[in-house]
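> Predicted model and sequence follow; I will ask about them next.
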Amino acid sequence: MLEANNIAVLRGDRVIFAGLRLSVSPGEAVVLIGANGAGKSTLLRCLAGLVRLEEGSILWQGEEALADRAAHAARLRYLAHADALKPGLSAAENLRFWARCWGGDPGAALEAVGLAPLAELPARMLSAGQRRRLALARLALSPCPLWLLDEPSVGLDAASLERLGTLLRRHRAGGGMVVAATHVPLPLDRAREFRMAVAA
Ligand SMILES: Nc1ncnc2c1ncn2[C@@H]1O[C@H](COP(=O)(O)OP(=O)(O)OP(=O)(O)O)[C@@H](O)[C@H]1O
């Protein structure tokens, strides 16, 4: 189980949120909802261990998750707004890079997002939605307990949304957890909503 235990984050002298508690169990999906600036991306980055906490802690199975940052990084996949692709490398080469870190079959991951026919195209030549699909293909490389997804469906067409739904279903069926920020409905069954408000 992942828990954010009474966490607070400051940016400059502004409190983005404080006293925030959130837990996610195996197989569960939590959707972060709230207006622009409510702190959804900041919370995802906290859970990924990328933002300094002013107060509180992130727990994994009841233990301080960030005591071993490498171990925490290895148990999660964080998909940010930016697609984090190397533009000069082909779609397949981009995935081979990540497969060297995490294992998995780049060909199968490209199939999972419908990009196999474009495997050899440099990432810079992909359309916005295709780039998002290539970023999502990282999720399909190898199993990992925790997915942190920042607006994963942006730019996806209907078929790609269905494929995202399949990836999410399989991940959760295997006990995986999802925390996703979004402004639009995601292809997720039985997701729990977590509402965030812009701090005064
Ligand atoms: N590096 C930073 N320095 C200062 N303020 C920041 C920084 N990053 C985020 N913020 C502020 O933190 C607040 C929350 O931002 P965040 O990106 O988490 O919101 P969000 O809910 O994800 O918004 P959106 O729906 O627009 O994506 C915003 O007011 C933003 O200006």
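Cool, the structure landed.
> List the buried residues of the longest helix along the chain.
Ordering each helix of the chain by length in residues (DSSP state H) puts helix 158-173 first. Neighbour-count burial for helix 158-173 flags 160-161, 163-164, 167-168, 171-172 (criterion: 16 or more other Cβ atoms under 10 Å). For the C-beta atoms, the positions are set from N, CA and C on the backbone; glycine is no exception.
> Of those residues, which is the nearest to the ligand?
Among the buried residues of helix 158-173, residue 164 lies closest to the ligand (Cβ to the nearest ligand atom), at 18.5 Å.
> What are the neighbouring residues in contact with the closest one?
By Cβ atoms under 8 Å, 6 or more residues apart in numbering, the contact set of residue 164 is 136, 152-153, 156, 186-187.
> can you check residue 21 too?
Residue 21 touches 3-7, counting by Cβ under 8 Å, 6+ apart.
> And those residues, which is closest to residue 58?
The shortest approach to residue 58 among the contacts of residue 21 belongs to residue 4, at 5.8 Å (Cβ to Cβ).
> Sheet partners, orientation included, of the helix or strand encompassing residue 194?
According to DSSP states H and E, residue 194 maps onto strand 192-195. Its sheet considered, strand 192-195 pairs with strand 29-33 (parallel) by DSSP bridges.
> which residue ranges form the strands in this structure?
All strands of the chain, identified by DSSP state E, fall at 2-11, 14-24, 29-33, 55-60, 63-64, 76-79, 146-150, 177-181, 192-195.
> Does the last one reach the ligand?
Pointing back at strand 192-195 there. No. Strand 192-195 is not in contact with the ligand by Cβ under 6 Å from any ligand atom; minimum separation 11.1 Å.
> what's that strand in contact with?
Applying Cβ under 8 Å, 6+ apart, the set of residues contacting strand 192-195 is 22, 28-34.
> Could I get the strands of the chain in TSV, plus columns for mean pLDDT?
Shown next, in TSV, are those (pLDDT from 0 to 100):
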stretch	mean pLDDT
strand 2-11	96
strand 14-24	96
strand 29-33	98
strand 55-60	97
strand 63-64	96
strand 76-79	97
strand 146-150	98
strand 177-181	98
strand 192-195	98
